[in-house]
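Participant: need a structure here:
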Amino acid sequence: MKTLAFRTFLEEKIASLPATDLSDKLDSKACVAAILRGHSIEDLEVGFIRRAISPTDKWSGQIAFPGGRKEEADEDDFATTAREVREEIGMTLTRHDLLGHLHDVQARKAGGLMNFFIRPLVFYIDREEPLLLDPAEVDEFFWIRLSHLRDDQFKTTVEGFPAIQLHRDPPLWGLTYLMTTDLLGRLI
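Facilitator: Next up, the predicted model:
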């Protein structure tokens, strides 16, 4: 499938389900980027980070999508996501790369709900992007095929919650697992 046709196909798949919007219930939010690359559903990959180990980070060392909290100067969700991705991994995303967004997810820690939510924006890139990781925030950036994420042989649990083994520690679980499941449900 040609790149433009494939991008349009992905955009339609992301928009196929209306996304839950928590902005009328919670004031504070973060935006993250589910970045896709590939030329067909069979070879489509999504990018993840492993967060740096830090005593001040609630999700220290976890697998996540790059992103972070909205700042007052950010004009919209794209601006927040693009700024955070650039700061964390050095990748430049454009508005053209944006396909849409997934369901908002209310943040949780230790089983309790937090007073902010995460909005996952989905991007598609068809170019190589140089990376420059911020070691204070990110230990690693890596790509995983969607076919791996939906393969039953890699399903596991962490603390009783569903997870996916990624051939590195820790497994994908928690909020990023929920967002990834939403993404897979739209694309597969």
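Participant: Please tell me I have it right and residue 170 contacts residue 64.
Facilitator: No. Look at residue 170 against residue 64 with C-beta atoms under 8 Å: they stay out of range, at 10.8 Å. Placement of C-beta: from N, CA and C, glycine included.
Participant: The two: which is more packed in?
Facilitator: Taking other C-beta atoms under 10 Å, residue 170 and residue 64 do not tie; residue 64 has more neighbours (21 against 14).
Participant: Grab the nearest non-local neighbour of that one.
Facilitator: residue 176 (5.0 Å; C-beta to C-beta, 6 or more residues apart in numbering).
Participant: contact partners of stretch 14-32?
Facilitator: Stretch 14-32 is touched from outside by 64-70, 77, 80-81, 84, 99-104, 106-107, 115-122, 179, 185-187, with contacts defined as C-beta atoms under 8 Å, 6 or more residues apart in numbering.
Participant: what's the spacing between that stretch and its chain's center?
Facilitator: Its chain's average C-alpha position is 13 Å from that of stretch 14-32, according to C-alpha atoms, centre = their mean, to the nearest Å.
Participant: In it, which residues are buried?
Facilitator: By neighbour count on 16 or more other C-beta atoms under 10 Å, the buried set for stretch 14-32 is 14, 19, 22, 29, 30, 31, 32.
Participant: Quick check: mean pLDDT of the strand ranked longest in the chain?
Facilitator: Of all segments of type strand in the chain, defined using DSSP state E, the longest is strand 112-124. In this model, strand 112-124 carries a mean pLDDT of 94.
Participant: Go through it and flag the buried ones.
Facilitator: 117, 118, 119, 120, 121, 122, 123, 124.
Participant: I'd like the distance between the nearest residue to residue 133 once chain neighbours are set aside and residue 148.
Facilitator: The shortest distance from residue 133 to any non-neighbouring residue, by C-beta to C-beta, 6+ apart, is to residue 89 (5.6 Å). Using C-beta to C-beta, to the nearest Å, one gets 21 Å for the distance from residue 89 to residue 148.
Participant: picking up where we left off before, what phi and what psi does the backbone show at the residue nearest to residue 64?
Facilitator: Main-chain dihedrals, residue 176, degrees, to the nearest 10: phi -70, psi -30.
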